[in-house]
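[1] take a look and give me a structure for this.
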Amino acid sequence: MVRFSIRDVLWLTALVALAVGWWLDRREVQRLGEARAAAIRSHAEALQAALRNAQLYQSLTSSTTGTVVSSGAPGSSYIDYGPITPDVDWSLADKPLPP
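    Predicted structure coming up:
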């Protein structure tokens, strides 16, 4: 018959407590990592959408012809293409990545 002393039971208890604590910590770190990855993915998708909108706007405005504008003096006419910058929320690019 195998006999265990109190010291053996205490060592086993400490070992099991250490293993359970490590497992709980790893699970929490993984959960936080997945949440951060989702926030970064969302930020990247918003930036991609803004860039796609800008590219679409640029392709639409570059295919149109401009309006000839003259100030009245001979030889001082120029072509006005309208606004060059698209109506895009560029503040997304200035936002820091989520922590």
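[2] now residue 16: phi and psi?
    Backbone geometry at residue 16, expressed as degrees, to the nearest 10, gives phi -70, psi -40.
[3] so for residue 95, what's the pLDDT?
    Predicted confidence (pLDDT) for residue 95: 73.
[4] and it, what does it touch?
    Shown in contact with residue 95 (CB atoms under 8 Å, 6 or more residues apart in numbering): residue 43. C-beta here means a position set from N, CA and C on the backbone, and glycine is covered the same way.
[5] that one and residue 32, how far apart?
    As defined by CB to CB, to the nearest Å, residue 95 lies at a distance of 20 Å from residue 32.
[6] number of nearby residues for residue 57?
    Neighbour count of residue 57, defined by other CB atoms under 10 Å: 16.
[7] show me what the helix or strand that it is a member of is packed against.
    Assessed by DSSP states H and E, residue 57 sits inside helix 6-62. When contacts are defined as 3 or more CB pairs under 8 Å, 6 or more residues apart in numbering; DSSP states H and E, helix 6-62 packs onto helix 91-94.
[8] what mean pLDDT does stretch 24-34 have?
    Here the average pLDDT along stretch 24-34 is 94.
[9] what does it contact?
    With CB under 8 Å, 6+ apart, stretch 24-34 has no contacts at all.
[10] what residues of that stretch count as buried?
    Residues of stretch 24-34 include none that count as buried (16 or more other CB atoms under 10 Å).
[11] could you dump that stretch to PDB, C-alpha only?
    Extracted as PDB, the C-alpha positions of stretch 24-34 are listed here (Å, rounded to 0.1, in the frame of the first residue of the first chain):
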ATOM      1  CA  LEU A  24      -5.900  30.800 -16.500                       C
ATOM      2  CA  ASP A  25      -3.300  33.400 -17.300                       C
ATOM      3  CA  ARG A  26      -2.700  32.000 -20.800                       C
ATOM      4  CA  ARG A  27      -6.400  31.900 -21.500                       C
ATOM      5  CA  GLU A  28      -6.700  35.600 -20.500                       C
ATOM      6  CA  VAL A  29      -3.700  36.700 -22.600                       C
ATOM      7  CA  GLN A  30      -5.200  34.900 -25.600                       C
ATOM      8  CA  ARG A  31      -8.600  36.500 -25.100                       C
ATOM      9  CA  LEU A  32      -7.000  40.000 -24.900                       C
ATOM     10  CA  GLY A  33      -4.900  39.300 -28.000                       C
ATOM     11  CA  GLU A  34      -7.900  38.300 -30.000                       C
END
